[in-house]
Structure formats: C-alpha cells, structure tokens
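Give the three-dimensional model of this entry:
(chains A, B, C and D)
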There are 2 protein chains.
Amino acid sequence: MSKLTIHDIAKHAGVSTGTVSRALNGRFGVSAATRDRVLSVVSVLGYVPDPDARQLAKGSRTVIGITRFSETSLRNAYYTLLLDLIQEALVGAGYAVRILDTKDVARPGVAGMIVPGVYLADPRFEELRSHQRPFVVIGEMPPEYTWVEVDNRNGMRQAIEHLLGLGHTRIVHMTGSPIGQTAQIRLETYQNVMTDANLETSDDMILDGRFTQLGAYRAIQRALAQKLEFTAVACASDEMAFGVLAALDDAGFKVPNDISVTGFDDLPLDDDHEHLPLTTIHQPMRLIGHTAAQLMLEMLEGAAPRGVLLPTNLVTRASTAEVRETQMA
Amino acid sequence: MSKLTIHDIAKHAGVSTGTVSRALNGRFGVSAATRDRVLSVVSVLGYVPDPDARQLAKGSRTVIGITRFSETSLRNAYYTLLLDLIQEALVGAGYAVRILDTKDVARPGVAGMIVPGVYLADPRFEELRSHQRPFVVIGEMPPEYTWVEVDNRNGMRQAIEHLLGLGHTRIVHMTGSPIGQTAQIRLETYQNVMTDANLETSDDMILDGRFTQLGAYRAIQRALAQKLEFTAVACASDEMAFGVLAALDDAGFKVPNDISVTGFDDLPLDDDHEHLPLTTIHQPMRLIGHTAAQLMLEMLEGAAPRGVLLPTNLVTRASTAEVRETQMA
DNA sequence: ACTATTTTCGTAAACGCTTACGAAAACATT
DNA sequence: AATGTTTTCGTAAGCGTTTACGAAAATAGT
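Okay, here's the model as predicted:
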C-alpha cells in the first residue's frame, strides 16, 4: 500500500529493474514476451512511476510551458480543459508542466512550449520562432511547423450539410473573431458548402458574434431588426450558439421549430444545464490534448515537424429540426 | 554554464553539501556566519536547486491538486490567472501542481487540494471534508477551515460609497449567480450600505446577471423595458459590467454621463481593449494566489486552520461620473 | 557442431538533493 | 585544566529512476 517502486515490479515479474524500465519506456532490447509480462504486472499492481525520479535520472531538467490562451478569454472553458489533458499526458511522461508566457520560452530549463491559439501574424509567434526551442501550436499552421488542430473544414461541412439535409436553404453563419484563423476557416467552409449547393451567402448573412454569447446575442438582435430572413444559424462555437438561443428566445422564436441552430466545439460545460441540448460538432478534446503532448515529446526527440488534423463528428441533439413552411414573420 | 549543483556551491563556499542544503532550507544546525556565506555564494553563482532531486530526496511524492472552477465557467479568466499564480508559488516550494477533480483528493500522492469557489452547500465540499487531506478554499468559509478571500464586504462598500459620493441615489445592483456566496455577500453589502444611507433598495433594483456578460445585458434590457429608473449600476463583477455597458450603449445611454457603472474584480482581461475603462474594485490576484499557496504549505506542516481576508481597493476610471439633473427619460 | 552475430537482460553507476549519524569544534561548568 | 554539553558540520546512505556496459542466451552462418 505504500509506495510501489520499480523494484517491486521487477521482483513480481521476475526480471531486473533495468528491464522493467526498458519495458515501460518502450526501449529497444526487450523481448515482446517479457515486455508484456512486465506491463501486465504493472497494470495489475497499479504501479505508476515517480515523475521526479524519472526526471532526475533522465538528466537535464525539463519543464514544458503552456501559454495562456488569448484568442478570446471567453473561450476559456476550452483552454482549461485542454490544459488539464496536456498536463496529464506530459506528467505521465515525466515532464513538469507550467503555465508560462511566450517570452519565457528562452528561460533555462524550459524544454519546449505548447501554444494554443497562436496564429501566423501573432506577435507572440515571432517570439517563439526566434528561439530554437521546440513548440507545438494548437491550431492550423503551415507544414513547416508542428501543430494539431481539429478538422474545422470537415466539421463545418458536417454542420451545414446536416442543415441542408433538413431542408434549410436560408442559413446564416455566426462567425467569431476576425483575427483567429479558426473562425476564418469555419467561415470559408460555410461559404464554400453553401455555394456548392447553389445557395446564397450574402454579406449580411454573416454575423459576427466575436466568439462570445453576448456578441452572438447582439448580432442576432441586429439581424432581426434588419428583417434578415433565415431558418437556421450555423455557429462557429457553442458559446455563440447559446447567445443565439437566448436572442431567438427573447424575440419569440422557438428552436428548433421556427429556427434551427448548430454549435461547434461540444465542450463539456458544467454550468449549462439550463440550455437546450445543442446540435453541434464534437471536438475530441482528449485526443487533442494527448496529441499535443505526443507531438511535443516527438519534437524533444528531434522528430521532424508535422501537423495533425483530428476528425470531428456531428452530434445531433435538440436544436435542429426539419424546415417548415411558414417560419419567418 | 551547464548545471550548477549543490556540490559547486559547497566547493565555492568551502563547506560540505550537507551544510549547503541545511543553509538553503533554513534547517537548524548551521551557524549564521556560514549560512550567510553559503547564501551569498548561491546568489552570486545564481544557483537554483533542482526541484525534482529535492522532491525525490524528500521522500513521499507530493502533488497538490487544484480543482477546476465551477461557479460559472465564464469567470474563467479569474481562474486561469489564479492557477498560474498558485502554481508559481507552489512549484517554487518544490511541489508539483495538477488540475484535479475533488474526487481525486484521496488519490495516493495527493498531499492537498486548493479549491476555488466551493461553498458550504456544495456537494464537492462534503467530498473534501470526508477525507483527511488538507485543503484550502478560495472563498469565505467558517473559521474552522482554511481559506483566503478578498474582502467582498469592504469592496462593495467602496464601490457604493464612491457612487454615493458622486451624488447618485438611484443605484441598482447587478448580482451574480444565487448559488455562490460571493455574490450573496456583495449583494448584502449593497443593501446594507444603501439602507444606511437611507436609500431605497427594492427587489426590482436587484438584477440577476448570472455572472455573465449576456446575463447582465439581458437583465438591463428587461429593467429598461420595465421603465426602471436609475442613475448608476453597481455590478458584482467586471464581466457583468461589460454586459451592462453594452446594453446601455445599445439603448442609447451614454456612460458615464447618463449612467455610471462600477465593476468588481479588475482582472487583466487581455481582449477587452474595446471597452470603456471601468471604474472597479481591484482584487489583488497575485496576493490571493500566493496566499493560497502559503496557506497550503502551512497546512502541510500541520498548522491550525485559519482564514485570510485580503484588502480590495477602488480604481476610479472612466465609467463613473457625478450625477446630473435630467438623466432618465 | 562450432563459431560469429545479434538480441535480451542483469548489474551498478549515476542524477542532484536531503538527512541520519557521528566526529570535531565551540562553549560551559566545575 | 579537565570534563561535560551543545552546536556546527562532514560523510555517506538513500530517494526511484534511467542507461552504459558487459554477460548470457538465442539465432544465424558455416
């Protein structure tokens, strides 16, 4: 019940500590048979290696920094969750994780940085590039960098096609901040899919909700005031979808009977039980976090840069329905 | 230039490694003279002990968990900053910090928990209490627990008195979620100060903004629709104040000429340059984080529980002004 | 079969620190 | 001065890993 060490595992598995360590780290020089035996003992006894000892033995102290999210602080639920997940994976691999500023990238002891939401024109990006430290960005980047992102194009396509499948033709898009490229990609995809379906996407059908509930709420109010007609709104984030839901409700529209709404992210918000269950595009957060950690580990071992695009999928819930005849006033 | 170890220090100071360690940790058994000599060598060479080695040698691995914030995920900017600060202090003291769930409190290796925003009736609270692990809550608690919180009473008093000093008499309050006690205390203080000044605080003067921008925006819209008259609104958070600002702006009121607005928190939001500079109550975040860490360290050494109330101060910016004669329609 | 290779694995030395333990030095007490 | 106390400090044994290094075992080559 006290601390389980590598020696205990070695004893139980009838091998030496060196072998256990090699098995654990997937190092070369262990037969598949003994590796499996060791691993099974590990999982039976529930052994988990001491990160400190591991770190110490590995030599050079290494902390991996994660920068604070900046695109908009309101998308923070996303960030906190991500932070947690990355941390989990990295600590498991024996690294220390700290929240740092991009300017700390050169600090001694900092092995690398994980930076959610930087974009090419971001001033912080230059800061990162100018030092040699490896960094992985969470967001789409040119191929010469290492990054992981969800497949925004396919995600938004899924949302729009879902709406089209329900018979909607007047679909407006609620976009996010114009700075972030995530919003940009989602917007472009909306336009492309609509155009491919021979549907109109005039400028007034693109509402800017700035990735916030309030922004989306006001955008809808303005659109309604201008007598914009639509039967569905495809949002670039759940957060904004909630704002849309509120605005529609206040204006007397019923979702999904009068108007359908789709979100994007599907983050596990812990306080939003009051909302209508949202049809949305699910992001595999767990996978994103783990992949980011994985990429960092790869970089640290000198791997070449690469980008990873993760799949999304549509989650159909209660905020969308088939279009009906007389919907708008 | 490579890693500076305790041996280097020992050599330079002409003592043994044991002595250096003792000097560094303020342990008993080192003369003041040698301690100072060692410490000066340390600072000259810029030596900083390896946390992993320290941790390993100290024996029992100890991670300190911080739970995810739940009161409302929108107050997340607050949380992220806090997390960062606590981490900074704790890591400096040789502890590992992880984001954990309250139910992980019993996990082996978890020395203690720092829990922002739990309240007495919180189900998570029971979970914490039932295990013996020490925990410090960020938020006001009965004296038998260890906690740190900003002086909400004095803070809200400062805000209201500032408004009173400007001649306002019709002051409404924008409150947060009814669950959290923080909102409760701020609300009560508003009522008390107003009553003490012989001013009215009827129920319709208390608007519920649910700690979100959107919530506050809608609350103001509703109040305006009901022809509620007021010359100032004192908000329980900056977040809500921004919503109020937006609602007032949309309704054609000028802040601060027509109506004054105060916030509460003064968090460094990195994306809100577009807002009018807010008169608000400043929370010493750095101090809160460090104090939380400090209290945890104390607890770990078996200190008795205690609560700490940190001072707030009023920051006067552009959202408040003297009341004028003809303000409301 | 016997040697040359290759693969698997055990041994033991780090990694940088803390902390008993006991020796030496300092100070008190007679 | 001689002895007893207390304080200061050096020595060395860990803490739980990783990883050369080389021995042993398995496989290949003749």
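
What's the local residue count around the nearest residue to residue A:28 once chain neighbours are set aside?
The shortest distance from residue A:28 to any non-neighbouring residue, by Cβ to Cβ, 6 or more residues apart in numbering or on different chains, is to residue A:22 (7.8 Å). Glycine gets a C-beta too; all of them are placed from N, C-alpha and C. Other residues near residue A:22 number 18, with proximity taken as other Cβ atoms under 10 Å in any protein chain shown.

Equivalent analysis for residue A:181, please.
Going by other Cβ under 10 Å, the residues that sit close to residue A:181 add up to 20.

if I pick residue A:321, what's in contact with it?
Taking Cβ atoms under 8 Å, 6 or more residues apart in numbering or on different chains, we find residue A:321 in contact with A:166, A:256-257, A:260.

er, residue A:197 I mean
Taking Cβ under 8 Å, 6+ apart as the criterion, residue A:197 is in contact with residue A:164.

Distance check, it against residue B:58.
64 Å (Cβ to Cβ, to the nearest Å).

Surely residue A:144 and residue A:307 touch.
No - using Cβ atoms under 8 Å, residue A:144 is not in contact with residue A:307; the gap is 9.4 Å.

Neighbour count for those two, which is higher?
Taking other Cβ under 10 Å, residue A:144 and residue A:307 do not tie; residue A:307 has more neighbours (18 against 9).

For that one, give me phi and psi.
phi -110, psi 150 (degrees, to the nearest 10).

Tell me which helix or strand in chain A has the weakest average pLDDT.
Sorted by mean pLDDT, DSSP states H and E, the helices and strands of chain A end with helix A:76-92, the least confident at a mean of 75.

Is the next helix or strand after it positioned near DNA strand C?
Per DSSP states H and E, the first helix or strand lying C-terminal to helix A:76-92 is strand A:96-100. No - Strand A:96-100 lies out of reach of DNA strand C by Cβ under 7 Å from any atom of the strand, never closer than 14.0 Å.

coming back round to it: just the angle for the least confident helix or strand of chain A relative to helix B:76-92, thanks.
For helix A:76-92 against helix B:76-92, the angle by axes from the mean of the first three to the mean of the last three Cα atoms, to 10 degrees is 20 degrees.

So which elements touch helix A:76-92?
Helix A:76-92 is packed against strand A:63-67, strand A:96-100, strand A:110-116, helix A:285-300, helix B:76-92, strand B:96-100, with contacts defined by 3 or more Cβ pairs under 8 Å, 6 or more residues apart in numbering or on different chains; DSSP states H and E.

Export the ones you listed to a markdown table and append columns for distance to DNA strand D.
A markdown table is the format used below for these (distance: least, Cβ to the nearest atom of the strand, whole Å):
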| stretch | distance to DNA strand D |
| --- | --- |
| strand A:63-67 | 17 |
| strand A:96-100 | 15 |
| strand A:110-116 | 14 |
| helix A:285-300 | 12 |
| helix B:76-92 | 18 |
| strand B:96-100 | 14 |
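
Of the ones you listed, which is nearest residue B:245?
The closest of the helices and strands packed on helix A:76-92 to residue B:245 is helix B:76-92. By Cβ to Cβ, the value is 16.8 Å.

Do that closest one and DNA strand C come into contact?
No - Helix B:76-92 is not in contact with DNA strand C by Cβ under 7 Å from any atom of the strand; minimum separation 12.5 Å.

angle of that helix against strand A:63-67?
With the same axes, to 10 degrees applied, the angle from helix B:76-92 to strand A:63-67 works out at 160 degrees.

With only the CA atoms kept, save helix B:76-92 in PDB.
Extracted C-alpha coordinates of helix B:76-92, given in PDB (Å, rounded to 0.1, in the frame of the first residue of the first chain):
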ATOM      1  CA  ASN B  76     -12.600  31.600 -16.100                       C
ATOM      2  CA  ALA B  77     -10.200  34.400 -16.700                       C
ATOM      3  CA  TYR B  78     -10.100  34.700 -13.000                       C
ATOM      4  CA  TYR B  79      -9.400  31.000 -12.600                       C
ATOM      5  CA  THR B  80      -6.700  30.700 -15.200                       C
ATOM      6  CA  LEU B  81      -4.800  33.600 -13.700                       C
ATOM      7  CA  LEU B  82      -5.200  32.100 -10.200                       C
ATOM      8  CA  LEU B  83      -4.000  28.800 -11.300                       C
ATOM      9  CA  ASP B  84      -0.900  30.300 -12.800                       C
ATOM     10  CA  LEU B  85      -0.100  32.200  -9.600                       C
ATOM     11  CA  ILE B  86      -0.600  29.300  -7.300                       C
ATOM     12  CA  GLN B  87       1.400  27.100  -9.400                       C
ATOM     13  CA  GLU B  88       4.300  29.600  -9.400                       C
ATOM     14  CA  ALA B  89       4.400  29.700  -5.700                       C
ATOM     15  CA  LEU B  90       4.000  26.000  -5.100                       C
ATOM     16  CA  VAL B  91       6.500  24.900  -7.700                       C
ATOM     17  CA  GLY B  92       8.900  27.300  -6.200                       C
END
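
Hey, what's the angle from that helix to strand A:96-100? Just curious.
Using the same axes, to 10 degrees: helix B:76-92 against strand A:96-100 is 130 degrees.

Now find how far off-centre helix B:76-92 is within its chain.
10 Å (Cα atoms, centre = their mean, to the nearest Å).

Which pLDDT does the model give residue A:209?
Note on residue A:209: pLDDT of 94.

With adjacent residues omitted, what lies nearest to it?
residue A:216 (3.3 Å).

Next, give me the two most distant ones among the contacts of residue A:321.
Checking the contacts of residue A:321 with Cβ to Cβ, the most distant pair is A:166 and A:257, at 12.1 Å.

so which helix or strand takes in residue A:20?
Per DSSP H and E: helix A:17-24 holds residue A:20.

dump the residue contacts of the residue in the stretch 201-329 of chain A that DNA strand D sits nearest to.
Nearest residue of the stretch 201-329 of chain A to DNA strand D: residue A:301, at 10.5 Å (Cβ to the nearest atom of the strand). By Cβ under 8 Å, 6+ apart, the contact set of residue A:301 is empty.

higher neighbour count, residue A:166 and residue A:257?
Set residue A:166 next to residue A:257 and count neighbours by other Cβ under 10 Å: residue A:166 wins out with 17 against 11.

Give me the neighbour count for the residue nearest to the more buried one when sequence neighbours are not counted.
Closest residue in space to residue A:166, ignoring its immediate chain neighbours: residue A:322 at 4.8 Å, by Cβ to Cβ, 6+ apart. Each residue near residue A:322 was counted by other Cβ under 10 Å, and the total is 12.
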